[in-house]
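Q: Turn this into a model:
(4 chains)
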Number of protein chains: 2
Amino acid sequence: MPLFQVSTRIQYGLRALAYLASKEGPASAAEIAGAEGIPGKYLEGILGQLTASGLLRSERGKNGGYRLSLPAAELTVLSIVEALEGEIRPTECAAGPGACDHDLACLPRRFWLGLKTAVDEYLSSRTLLDVIDPAS
Amino acid sequence: MPLFQVSTRIQYGLRALAYLASKEGPASAAEIAGAEGIPGKYLEGILGQLTASGLLRSERGKNGGYRLSLPAAELTVLSIVEALEGEIRPTECAAGPGACDHDLACLPRRFWLGLKTAVDEYLSSRTLLDVIDPAS
DNA sequence: CAGTATTCCTACCTGAATACTAGGATAATA
DNA sequence: TATTATCCTAGTATTCAGGTAGGAATACTG
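A: The predicted model follows:
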């Protein structure tokens, strides 16, 4: 129903990253889940995805866990969102010319592309640090 | 999966309004559906919703149909979106203080509220005319 | 008044996605 | 070798988008 909606996946991911940013050394999925009240097995999958995208580095075995691969100030929210949900794309047509067979008939395309640009600008100009810093 | 997604409901509604804007007099749901290639019965529901929200005026019976209740230049896209999907709200918390029981624990709230503001500004500063005018 | 064209109302259906849960295999450390 | 992790695969419950179907209410027209 909503035009845009932040899934629990993104909310959980962001909170987990925020937890890691405010901590020295690695943290396990179970530790983060406990601290943040997030279902553990579900969080595992999210963290795995963030690792595969290169935002986190993981170590297995005892004393292992996850840690940020970049300082929080260099991690844009856009990169987090795209890691968890792929490229933002309001409509099929908004993917670019030739992506749909209407092309000319699809006048609103320009409009939705503009919206995507506005959202991308917001998300790429804020970092993880901005999200967790109450002063911002 | 997407952070924001324009539903067919909004796309169809917009195209129907665009059709009405470029036409003298009323048009029936069937006419618009035929011209725009939209499922007729589905469109009926959408137009009914736009009517209930006051964006359209309808007349039943022969020679009836729908017409805009405002000039296209005075119809913001935000009003269209809200008529079809209700208020934009990225997360529960973003509805305002007190809307969730975390409040202080919900640091990212401010961030998502900012995103909502950015989107609202974009949508409320454009009208139906802007959407259908290739020059804009 | 009969017929026709239209909106309006209610109910249902289906496929896909979100938000999980379950159980273990694999790897690293102590 | 016991423990603590990540990693992998599969299944499930619920919700929602995107329709379909059928007819009732209403208004014009001959």
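Q: Any part of the worst-scoring helix or strand of chain A on mean pLDDT near DNA strand D?
A: Of all helical and strand segments in chain A, the minimum by mean pLDDT, DSSP states H and E falls on helix A:108-124, at a mean of 92. No - under the criterion of CB under 7 Å from any atom of the strand, DNA strand D is not reached by helix A:108-124; the shortest gap measures 13.6 Å. C-beta here means a position set from N, CA and C on the backbone, and glycine is covered the same way.
Q: Just the buried positions in the following helix or strand past that helix, please.
A: Where DSSP states H and E defines the elements, the next helix or strand beyond helix A:108-124 is helix A:128-132. Residues A:Leu128, A:Asp130, A:Val131, A:Ile132 are the ones in helix A:128-132 that count as buried (16 or more other CB atoms under 10 Å in any protein chain shown).
Q: I'd like to know how far the third one sits from A:Gly86.
A: Separation of A:Val131 from A:Gly86 (CB to CB, to the nearest Å) stands at 20 Å.
Q: do the first one as well
A: Noted for A:Leu128: a distance of 19 Å to A:Gly86, by CB to CB.
Q: give the contact list for A:Lys23.
A: A:Lys23 makes no contacts at all, as judged by CB atoms under 8 Å, 6 or more residues apart in numbering or on different chains.
Q: Quick check: pLDDT value at the closest residue to DNA strand C within chain A.
A: Closest residue of chain A to DNA strand C, CB to the nearest atom of the strand: A:Gly61 (2.7 Å). pLDDT for A:Gly61: 96.
Q: So it belongs to a strand, correct?
A: No - checked against DSSP: H, G, I helix; E, B strand; the rest coil, A:Gly61 lies outside a strand; its state is coil.
Q: Pull the number of nearby residues for it.
A: A:Gly61 has 6 neighbouring residues, counting by other CB atoms under 10 Å in any protein chain shown.
Q: do A:Arg126 as well
A: Applying other CB under 10 Å, we find 18 other residues in the vicinity of A:Arg126.
Q: Was I right to think A:Gly25 contacts A:Arg67?
A: Yes - when contacts are counted by CB atoms under 8 Å, A:Gly25 is listed as touching A:Arg67 (7.0 Å).
Q: Compare neighbour counts for the two and give me the winner.
A: A:Arg67 (16 against 8).
Q: Let's verify the more buried one: helix, strand, or coil?
A: Look at A:Arg67: counting by three-state DSSP, its state is strand.
Q: And it, how far from B:Glu59?
A: 65 Å.
Q: which parts of chain A sit against chain B?
A: Contact residues, chain A versus chain B (CB under 8 Å from any CB of the partner chain): A:1-7, A:10-11, A:14-15, A:18, A:77, A:81, A:85-86, A:88-91, A:107-108, A:110-112, A:114-115, A:118-119, A:122-123, A:126, A:130-132, A:134, A:136.
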